[in-house]
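> Sequence and predicted structure below; questions after.
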Amino acid sequence: MNDIVVKKKSFLKVLLLDVLVFLSIYLLPVISHNVGIPLYIFDPMRIAVLGSLLILNDKRHSLLLAFTLPLFSYYFCGHPIFYKNIIIAIELCLNLLFLNYFLSKKYNTFLSVLGSII
């Protein structure tokens, strides 16, 4: 009985953490678009997606983020146009696949991120 309560609490912690991380990442492009500072130079979508793979180490979450982040940005900001968002989503997914491949080969993390972007 005690084991079930602990698992339920840890599941709720993980779920709450996932929701907070996803909300903060989803709102990053919206904030970037609405702030007068040109944060787009730093490419916040790519940083958020690649960072989510490196920090959370969960491919499923990162791929979900890569697919949905551009669409979320389009829905709330209206920028960029829908077809460009599809291209951005494909590019982010390819970045994740290449980064995962390079990391699985035990390459340096910095070089793996750099290689996946190039």
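The structure has been received and is ready for your questions. Numbering: from 1, shown residues only.
> rest of the way, CA atoms for contacts and neighbours
Noted.
> Next secondary structure element downstream of the helix or strand Leu12 falls within?
Using DSSP states H and E, Leu12 falls within helix 2-34. Following the chain from helix 2-34 toward its C-terminal end, the next helix or strand by DSSP H and E is helix 44-56.
> Pull the residues that contact that following helix.
Applying C-alpha atoms under 8 Å, 6 or more residues apart in numbering, the external contacts of helix 44-56 come out as 25, 28-29, 32, 58-59, 61-62, 65-66, 69-70, 92, 95-96, 99, 113.
> Restricted to helices, list those.
Among those, the members found in helices (DSSP state H) are 25, 28-29, 32, 59, 61-62, 65-66, 69-70, 92, 95-96, 99, 113.
> The spatially most central residue of the chain and Phe102, how far apart?
When C-alpha atoms, centre = their mean is applied to the chain, the residue found nearest the centroid is Val49 (2.6 Å). Distance of Val49 to Phe102, computed by C-alpha to C-alpha, to the nearest Å: 16 Å.
> before we move on, what about Ile118?
13 Å.
> The two: who's more crowded?
A count of neighbours by other C-alpha atoms under 10 Å puts Phe102 above the other of Ile118 and Phe102, at 18 against 8.
> show me what contacts Ala89?
Applying C-alpha under 8 Å, 6+ apart, the residues near Ala89 are Ala66, Phe67, Thr68, Leu69, Pro70.
> what about the second one, how many neighbours?
This points to Phe67. Neighbour tally, Phe67, other C-alpha under 10 Å: 19.
> can you pull the contacts of it?
Ala89, Ile90, Leu92, Cys93.
> Could you find the closest non-adjacent residue to Pro38?
Ser32 (7.3 Å; C-alpha to C-alpha, 6 or more residues apart in numbering).
> hmm, back to that, any quick ChimeraX command for the buried ones out of the ones in helices among the contacts of helix 44-56?
Buried subset of those, written as a ChimeraX selection, criterion 16 or more other C-alpha atoms under 10 Å:
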select :25,28,29,32,62,65,66,69,70,92,95,96,99,113
